[in-house]
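# Just a sequence and a predicted model for now, questions to come.
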Amino acid sequence: MIAIDLTNGEMRRRLPEIARAIKDPDEIWAFWDVEKKELFRFYYVRFADAKTHPYVICRTDKTGWIPDRSGFATDERISQMRQGTLVYRRADHAS
């Protein structure tokens, strides 16, 4: 079962952002990690009105949902995330 670690205070504080990234993402990417033999998915959402954390990235693996630890993803990080297969892109989302 995929879960979010609620014992982590930062995770609890960011639950609204994490929920939006999961429920209403701008993009979802999936890729197979050959070394780990595991499928990863990255969920990305941009908050246009945010002052400090305009991007949220959540990834999934067999241990659960993991938000980007930095709390802020740069355009460069978003570009690095875009690997594997684009599974979903919001129709009104410009890349």
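Yep, it's here.
# Can you classify the residue of the chain positioned farthest from its centre by secondary structure?
Within the chain, the residue lying farthest from the chain centre (CA atoms, centre = their mean) is residue 35, at 21.1 Å. With DSSP: H, G, I helix; E, B strand; the rest coil as the basis, residue 35 sits in coil.
# pretty sure residue 59 is touching residue 39, no?
No: Residue 59 lies out of contact with residue 39 (CB atoms under 8 Å); the separation is 10.7 Å. Every C-beta, even on glycine, is put in place using the N, C-alpha and C of the backbone.
# who has more neighbours, these two?
residue 59 (17 against 13; other CB atoms under 10 Å).
# Confirm the more buried one sits in a strand?
Yes: judged by three-state DSSP, residue 59 forms part of a strand.
# and the gap between it and residue 33?
When distance is defined by CB to CB, to the nearest Å, residue 59 is 11 Å away from residue 33.
# Give me the packing partners of the helix ranked longest in the chain, helices and strands only.
Longest helix in the chain by number of residues (criterion: DSSP state H): helix 15-23. Other helices and strands packing on helix 15-23, by 3 or more CB pairs under 8 Å, 6 or more residues apart in numbering; DSSP states H and E, are strand 38-46, strand 55-61, strand 64-67.
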